[in-house]
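**Student:** build the 3D model from these lines:
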Amino acid sequence: MSLRIEAVEGIPEIRPGDDLAELLVRALSNKGIADGDVVAVTQKVVSKAEGRLVPGEDRIDAIARETARVVARRGELVIAETAHGFVCANAGVDASNVEPGTLALLPEDPDGSAERLRAAISGRLGARVGVVITDTFGRAWRNGLVNVAIGCAGLPAVIDLRGGRDHHGRILETTEVALADEVAAASGLVMAKAARVPVALVRGVDRGGAPDGPAADLVRAPEEDLFRTSPLQALHARRTIRSFAPGEVPREALEEAIAAACTAPAPHHTRPWHFTVLGTPSVRAALLDAMALAWGADLRGDGVPEDVIGRRIAKSDAVLGAASTLIVPWLSLEGSHAYPDEERTQAEREMFMLAGGAAVQTLLLGLSAQGLAACWISSTLFCQQEVRTALGVDPSWSALGAVACGRMSPDASVRPRPPIELDDIATFR
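**Tutor:** Down below sits the predicted model:
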């Protein structure tokens, strides 16, 4: 095997509206293009030709517009997911290799751009070529930048080797080769930032018999992403979600969330919590019936009309009943100290209650961090005895509401959190 990488020179400065395909055909026409060759093109010239340029003073707004989700933030640096699914610095908004005072945005449809260039080059030069549109990304856990593929046409972006065997005969279980990224990285060796060479020709790429595929195939699915959100951003990202997709919540996910909840601060080196996990439908139904009876009795005592009572209970049951799992967190005050005066005794009780609230919040964060939908419902606070009886819990425990959780529904309504005005709620001295 051998691989040959050639810089393609003669590409002029690209302006919005230029026919990039025609310019590429001219530059490649004397290269003896053959079937299987791959043309690597930098994102910057594609973005310029497609008019994806904005004024430099709009940097913050441009990053915000191009950001679909903030993954991490430190100072002015934002690691963001774009609408394409790419995770990169500042949502791909970049000032390098464009006119001063100008910013370049990523192409709106890099795979579509790659396909248009592939069709034009192949049609004009009479060879079946591939096209990879490259951009320079940083990488988690490693220093330095490298070219990666953000658009791909005419070759497989990913070669799936799972089910094959290595040279020892062992079955490959997880191996998927990011071929388009390998081509992009190789092309970077002849397309230095200051070299004014935005195109490279890569020859000898082994496609492994795999079908062609877009660069979108390189984007990891959210449910497979173990590092989807930075720890700080995960706190901001948690939302109360009251709609759930069908399917059970894996027990290991519940165990991880409960273990996280037990890291909440607690007084006197205690763990004054317990968590009752209700995954069995009949057990959940019995609890909801007991709670509905207690709630209905309270509302009748308040003079609430029967039709209103029915609607309120139905609304609550719709949420709690739709969840595949209910978690009832409990708090015990048995480890609290009694003091001669009421003030300190009350402070001791409040200290334990704060610990219980911290455990509930951390439980919700633990569920959210694993991509699960969850919401906290206060209902059990108002019918303690009925809940204890239904679940066979000792009177020394107090229920701290209930957490309904389940799989995330694709159409779950997750509204953006409004900006927090810190001046209204925090004083720095």
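
**Student:** C-alpha only now, for contacts and for neighbours.
**Tutor:** Fine.

**Student:** the helices in the stretch 101-250 of the chain, which residues?
**Tutor:** Counting by DSSP state H, counting those that start in this stretch, the stretch 101-250 of the chain has these helices, from start to end: 110-125, 179-187, 231-237.

**Student:** list the buried residues of the longest one.
**Tutor:** It refers to helix 110-125. 110-111, 113-115, 117-122, 125 (16 or more other Cα atoms under 10 Å).

**Student:** format the helices of the stretch 101-250 of the chain as a markdown table; extra columns: mean pLDDT and distance to residue 342.
**Tutor:** Formatted as a markdown table, these follow (pLDDT from 0 to 100; distance: least, Cα to Cα, whole Å):
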| stretch | mean pLDDT | distance to residue 342 |
| --- | --- | --- |
| helix 110-125 | 97 | 68 |
| helix 179-187 | 96 | 68 |
| helix 231-237 | 85 | 36 |
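
**Student:** which one of these lies closest to residue 307?
**Tutor:** Put simply, out of these the one that sits nearest residue 307 is helix 231-237, at 37.1 Å, with distance taken as Cα to Cα.

**Student:** can you tell me which of the buried residues of helix 110-125 is nearest residue 248?
**Tutor:** residue 111 (36.0 Å).

**Student:** can I assume the closest one is in contact with residue 155?
**Tutor:** No: in this structure, residue 111 is not within contact of residue 155 by Cα atoms under 8 Å, at 11.6 Å.

**Student:** which residues of the stretch 51-200 of the chain score low on pLDDT?
**Tutor:** Low-confidence regions of the stretch 51-200 of the chain, defined here as pLDDT under 70, cover residues 162, 173-174, 194.

**Student:** tell me where it has strands.
**Tutor:** 53-55, 67-74, 77-82, 87-89, 102-104, 130-139, 142-153, 159-160, 176-177, 199-203 (DSSP state E, counting those that start in this stretch).

**Student:** relative to residue 3, which of these is closest?
**Tutor:** Closest to residue 3 of these is strand 199-203 (Cα to Cα; 5.7 Å).

**Student:** from residue 326, how far off is residue 385?
**Tutor:** 18 Å (Cα to Cα, to the nearest Å).

**Student:** between the two, tell me which one has more neighbours.
**Tutor:** More neighbours sit around residue 326 than around the other of residue 385 and residue 326, counting by other Cα atoms under 10 Å; the figures are 27 against 20.

**Student:** what residues are up against that one?
**Tutor:** Residue 326 sits next to 277-279, 284, 320, 402-405 when contact means Cα atoms under 8 Å, 6 or more residues apart in numbering.

**Student:** in helices, which of the residues you listed fall?
**Tutor:** 284, 320 (DSSP state H).

**Student:** of the contacts of residue 326 - the most surrounded one?
**Tutor:** Most neighbours among those, by other Cα under 10 Å: residue 405, with 29 neighbours.

**Student:** so what pairs up with it in the strands?
**Tutor:** As for beta bridges, residue 405 partners with residue 325, residue 374 under DSSP bridges.

**Student:** state the distance from it to residue 109.
**Tutor:** Relative to residue 109, and taking Cα to Cα, residue 405 is found at 36 Å.

**Student:** and if you look at residue 98?
**Tutor:** 20 Å.

**Student:** can you pick out the residue with more neighbours from those two?
**Tutor:** The residue with more neighbours, out of residue 98 and residue 109 and counting by other Cα under 10 Å, is residue 98; that gives 17 against 12.

**Student:** wait, the more buried one touches residue 105, no?
**Tutor:** No: with contacts defined as Cα under 8 Å, residue 98 does not count as touching residue 105, sitting 10.8 Å away.

**Student:** and for those two, which residues touch both?
**Tutor:** The contact lists of residue 98 and residue 105 share no entry, where a contact means Cα under 8 Å, 6+ apart.

**Student:** helix, strand, or coil at residue 398?
**Tutor:** Three states are possible here, and by DSSP: H, G, I helix; E, B strand; the rest coil the one that applies to residue 398 is strand.

**Student:** so it makes contact with residue 386?
**Tutor:** No: in this structure, residue 398 is not within contact of residue 386 by Cα under 8 Å, at 11.3 Å.

**Student:** of the two, who's got more company?
**Tutor:** Comparing residue 398 with residue 386 by other Cα under 10 Å, the one with more neighbours is residue 398, at 22 against 18.

**Student:** beta partners of the more buried one?
**Tutor:** For residue 398, the beta-bridge partners are residue 331 (DSSP bridges).

**Student:** against residue 232, how distant is it?
**Tutor:** As judged by Cα to Cα, residue 398 and residue 232 stand 31 Å apart.

**Student:** also residue 74?
**Tutor:** Using Cα to Cα, which is the criterion applied here, residue 74 is 10 Å from residue 232.

**Student:** tell me which of those two has more neighbours.
**Tutor:** Neighbours around residue 74 and residue 232, counted as other Cα under 10 Å, are more numerous at residue 232. The numbers are 11 against 7.

**Student:** now the more buried one, nearest residue through space, not along the chain?
**Tutor:** If the residues on either side of it in the chain are set aside, residue 232 comes closest to residue 72, at 7.5 Å by Cα to Cα, 6 or more residues apart in numbering.

**Student:** hang on, that neighbour packs against residue 88?
**Tutor:** No: applying Cα under 8 Å, one finds residue 72 not in contact with residue 88, separated by 10.1 Å.
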